[in-house]
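Undergrad: What follows is a predicted protein model with its sequence.
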Amino acid sequence: MFTGIIQALGSVEQSEKRGGDIRLKIDCGDLDLSRTRLGDSIAVNGACLTAIELGEQSFSADVSLETMNKTSLGGLAVGSPVNLEPALTLNDALGGHLVSGHVDGVGSLIEMQADARSIRYRFEVDPALQHYVAAKGSITVDGTSLTVNHVEANRFDVNIVPHTQQKTIFQYYQPGTRVNIEVDIIARYLERLLQGRTGSAADKDQQLLETLIKSGFVK
């Protein structure tokens with residue numbers, strides 16, 4: 001699990017094709033690797049990868065074909081900047097929201113607009129994901145925990161404050177940039193809870209759904 005609070009900017013040092021998928025070597029920049037061990041998880045642009053080799057300030061990870069199909073990692077080139085976050089420990093503050101590192105799909109940046117000292121970014125996601133995105137809810141873009149400002153169909157807006165702009169790869173985005181999207185894990189489990197049950201269990205689910213609608217959590 002992760003928090004969506006990016007701890008360092010890194011870059012792709014090597015990208016090696018291996019039997020249909022790839023192995024990435026990531027230069028970790030200023031990320032503290034002192035407690036990282038082989039087999040530990042590190043989120044790269046929001047995708048949870050397993051460290052299989054460790055250098056003084058780098059790690060290597062295999063990127064499976066499934067991960068390549070579901071994320072933007074397969075399109076990274078040598079030198080590409082990446083957001084980095086090591087896995088959450090029980091001693092860490094949960095500054096963002098609970099993030100699994102399991103990317104739900106790839107979205108794209110539609111437009112950017114100045115909004116006082118912030119920048120408002122508008123993204124488009126697969127229509128299959130749009131019902132998970134709610135105004136004032138949480139969403140993860142390339143591993144960054146963000147609050148959704150506005151939703152319209154399969155598009156949503158987020159505001160990026162100067163600190164986030166400087167400390168993440170948002171500073172490199174341009175219209176058309178492809179980004180990894182992870183929806184709020186609570187929304188996924190709530191949908192599953194409300195599906196496929198019968199009898200008294202279904203009645204309880206309906207009561208829960210009606211309560212959520214009345215309280216404004218579900219439209």
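TA: Received the coordinates, thanks.

Undergrad: mind listing the helices for this structure?
TA: In order along the chain, the chain carries the following helices (DSSP state H): 65-70, 162-167, 185-193, 199-214.

Undergrad: Tell me the buried residues in stretch 85-102?
TA: Within stretch 85-102, the residues that count as buried by 16 or more other CB atoms under 10 Å are 85, 86, 88, 96, 97, 98, 99, 101. Placement of C-beta: from N, CA and C, glycine included.

Undergrad: Ok, stretch 19-35 next?
TA: 21, 22, 23, 24, 25, 26, 27, 28, 31, 33.

Undergrad: and the two most separated of the buried residues of stretch 85-102?
TA: 86 and 97 (16.9 Å; CB to CB).

Undergrad: Ignoring the adjacent residues along the chain, who's closest to residue 154?
TA: residue 130 (4.1 Å; CB to CB, 6 or more residues apart in numbering).

Undergrad: just the strands in the chain please.
TA: Along the chain, counting by DSSP state E, strands occupy 8-18, 21-27, 41-44, 47-50, 53-54, 58-63, 81-86, 105-115, 118-124, 138-141, 144-147, 150-152, 155-160, 178-183.

Undergrad: Of all the ones you listed, which one comes closest to residue 169?
TA: With CB to CB as the criterion, residue 169 lies closest to strand 81-86 of the strands of the chain, at 4.9 Å.

Undergrad: CSV for the strands of the chain, including mean pLDDT and distance to residue 1?
TA: Converted to CSV, the strands of the chain look like this (pLDDT from 0 to 100; distance: least, CB to CB, whole Å):
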stretch, mean pLDDT, distance to residue 1
strand 8-18, 97, 18
strand 21-27, 97, 20
strand 41-44, 98, 9
strand 47-50, 98, 9
strand 53-54, 97, 21
strand 58-63, 98, 17
strand 81-86, 97, 10
strand 105-115, 97, 20
strand 118-124, 98, 23
strand 138-141, 96, 12
strand 144-147, 96, 12
strand 150-152, 96, 25
strand 155-160, 98, 22
strand 178-183, 97, 12
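
Undergrad: For the ones you listed, give me TSV that also has distance to residue 169.
TA: Shown next, in TSV, are the strands of the chain (distance: least, CB to CB, whole Å):
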stretch	distance to residue 169
strand 8-18	7
strand 21-27	13
strand 41-44	11
strand 47-50	13
strand 53-54	23
strand 58-63	17
strand 81-86	5
strand 105-115	11
strand 118-124	12
strand 138-141	10
strand 144-147	9
strand 150-152	23
strand 155-160	11
strand 178-183	9
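
Undergrad: No further questions, thank you.
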